[in-house]
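Q: sequence? don't have it. structure:
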C-alpha cells in the first residue's frame with residue numbers, strides 16, 4: 001500500500017513538471033500563444049478562428065507544448081469539473097482497483113440529498129439509502145454528472161461532506177494545483193469553489209496517468225447502472241459530453257472524453273482530450289456563453305440542419321472541436337535547432353598550444369509543434385556569447401545562449417556549449433598578466449601610493465632639516 005501511495009506522489013510531481021516551463025538540459029521553452037485558423041479564404045489568406053470561451057488552455061500531451069493559453073491562470077468557478085477531483089479522491093481510496101469498486105457499495109441518507117433539492121442539480125436518480133456500487137457511482141458521477149453520486153461518494157469515503165472537501169484540497173495541493181480550492185464534491189455551488197484551466201489540466205493528466213478505470217469510464221457515452229432494490233431494471237445513463245455521441249451534431253470521433261461543467265456563474269466548461277494518428281491534445285475551457293448569440297440565431301435560421309438551429313448551443317463543445325481540427329490539420333512537429341549544428345567559434349584567452357578559440361553548439365536540439373501556414377524562417381535566432389571566456393574550457397561548458405523569437409516574442413532559450421576542451425597555458429596567462437599590469441587599476445593605485453608616500457617623506461625630511469637649521 002505504501003509503495004502505491006509513493007508511486008502516486010511521484011506521478012503527481014511529474015504532472016506538475018508538465019505544466020511548468022519545460023526545461024530539458026537547460027532549455028527554457030516559453031508558453032507561446034498561437035492564433036488558430038479555420039481555413040483559407042478564396043485569396044489564400046488564413047481565416048482567424050474565434051473562441052467563445054473566456055479561458056482556454058490547450059497543450060500537446062506528449063511534449064507538453066502549450067498551444068493555446070487564454071487566461072489559463074485566471075481563477076474561475078469550475079461547475080461540474082469539480083467532480084473530476086471527486087473521482088480522483090474516490091479512486092485513491094480504492095487504489096484504482098476496478099474489482100474493489102465493483103464489489104463495494106455505498107449509500108447515504110438525506111444528508112447527501114438535502115442541499116440538492118430544488119436546485120435543478122443533474123442526477124442519475126439515485127435515491128436516499130439506495131445501495132450502489134462505487135463503480136456505478138463513478139459512472140453516475142462522470143457521465144450524467146450526478147450530484148447525488150458526488151455526495152454519496154463524499155460521505156462514503158470521508159464520513160462527511162466537509163471532511164471530503166478537505167481531502168479534495170489535500171489532493172489538489174499534492175498535484176500542484178496552487179490556484180484552486182474546493183468546498184464541495186459536486187461543483188453546484190461556486191462559494192469558495194474555484195480553480196483555473198491550467199490547474200484542471202494537471203488534475204486530468206493525473207487521473208489519466210494513474211487510473212485506467214478513469215480513462216475507461218470517461219470515454220463511455222452511455223452505461224446502465226446495475227439493478228438495485230429501488231431500480232430493479234437498472235438505470236440507463238448517458239454522457240453530457242455530446243462529442244462522444246455518434247448520433248449528435250457535436251460528435252467528434254477523435255475525442256476520448258473527460259467532463260463537462262455547466263453553471264450560470266461559470267458558463268459552459270469542458271475538459272477533454274483527443275487522439276489522432278498518435279498525436280494527443282488536451283483542452284480545458286471555462287466561461288463559454290450559456291445563451292445563443294444573436295449572430296448564431298441568424299446562422300440557425302439560414303441553416304436549419306446546423307448546431308445553431310437548436311434552442312441550446314454548446315459553445316464549449318464547438319470551441320474544442322474547432323481547436324482539435326485546427327491542431328490536427330495545421331500543426332506539425334518542426335525542428336528549429338539541430339543539436340549537432342556547430343554555430344560559431346568563440347575566442348578563448350590563454351589557450352594552450354596557441355589555441356585561442358573553441359567551437360560552440362546547442363546543448364540540445366529544439367522542436368516544437370508549429371502551424372504549417374507560418375514559414376519556419378520567420379522564427380529568428382540570436383546568439384549571445386558570454387564575456388571573458390578564459391581557459392581552461394571543458395567540453396560541455398556553457399559559453400552563450402541561443403534565443404528563438406517570433407514577432408518579438410521569445411519561444412525558447414537554449415544554452416550554447418563548448419564542443420571540446422581547451423587547456424590553460426600558464427606561461428601565456430602569466431605573460432598576459434605581466435603585460436596588462438602596468439595598465440591595471442591596481443598598478444595605478446600602487447604608483448599613486450608610492451608617489452604620495454615619497455612626497456610625504458620628502459616633505460617631512462625638508463621640514464626636519466629646516467628645524468635643525470633654525471636651531472643653529
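A: Received, thanks. If you're wondering where the values come from, they're calculated on a predicted model, not measured in any experiment.

Q: how far is the helix or strand encompassing residue 206 from where the chain is centred?
A: Per DSSP states H and E, residue 206 falls inside helix 197-210. Put simply, helix 197-210 sits 9 Å off its chain's centre (C-alpha atoms, centre = their mean, to the nearest Å).

Q: other SSEs contacting it?
A: Judged by 3 or more C-beta pairs under 8 Å, 6 or more residues apart in numbering; DSSP states H and E, the packing partners of helix 197-210 are helix 2-18, strand 55-60, helix 82-93, helix 161-175, helix 212-218, strand 267-276, strand 279-288. No exception for glycine: its C-beta is placed from N, CA and C like everyone else's.

Q: if you set the cut-off to 7 Å instead, what comes out?
A: Counting contacts by 3 or more C-beta pairs under 7 Å, 6 or more residues apart in numbering; DSSP states H and E, helix 197-210 is packed against helix 2-18, strand 55-60, helix 82-93, helix 161-175, helix 212-218, strand 279-288.

Q: so which of those gets nearest residue 131?
A: helix 82-93 (16.1 Å; C-beta to C-beta).

Q: just checking, next helix/strand downstream of that closest one?
A: helix 98-103.

Q: and the helix holding residue 206, average pLDDT?
A: Here helix 197-210 scores 99 as its mean pLDDT.

Q: and it, what's buried?
A: Using 16 or more other C-beta atoms under 10 Å as the burial criterion, the residues of helix 197-210 that qualify are 197-210.

Q: redo those residues as TSV? Include distance to residue 135.
A: As requested, those are arranged in TSV below (distance: C-beta to C-beta, whole Å):
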residue	distance to residue 135
197	29
198	30
199	27
200	24
201	26
202	25
203	21
204	20
205	22
206	20
207	15
208	18
209	20
210	17
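
Q: nearest to residue 407, out of the helices and strands packed on helix 197-210?
A: strand 55-60 (19.8 Å).

Q: what packs against the next helix or strand after that closest one?
A: Downstream of strand 55-60, the next assigned helix or strand under DSSP H and E is strand 66-70. Under the contact definition 3+ C-beta pairs under 7 Å, 6+ apart, strand 66-70 sits against strand 55-60.

Q: tilt between the strand it packs on and strand 279-288?
A: Orientation of strand 55-60 against strand 279-288 (axes from the mean of the first three to the mean of the last three C-alpha atoms, to 10 degrees) gives an angle of 180 degrees.

Q: could you list the domains of this structure?
A: What the record gives for the chain is the domain set 2-29+51-332, 338-418, 442-472, from automatic domain parsing.

Q: ok, and the closest non-adjacent residue to residue 307?
A: Leaving aside its sequence neighbours, residue 307 sits nearest to residue 249 (C-beta to C-beta, 6 or more residues apart in numbering; 4.8 Å).

Q: please apply the same query to residue 318.
A: The shortest distance from residue 318 to any non-neighbouring residue, by C-beta to C-beta, 6+ apart, is to residue 52 (6.6 Å).

Q: before we move on, what SS does that neighbour have?
A: coil (DSSP: H, G, I helix; E, B strand; the rest coil).

Q: mind checking which helix or strand of this protein has the lowest mean pLDDT?
A: Using mean pLDDT, DSSP states H and E, the weakest-scoring helix or strand in the chain turns out to be strand 22-24, at a mean of 39.

Q: count the neighbours of residue 270 for me.
A: 28 (other C-beta atoms under 10 Å).

Q: low-confidence ranges in the chain?
A: In the predicted model, the chain carries pLDDT under 70 at residues 1-27, 29-31, 426-440, 442-443, 446, 465-466, 468-472.
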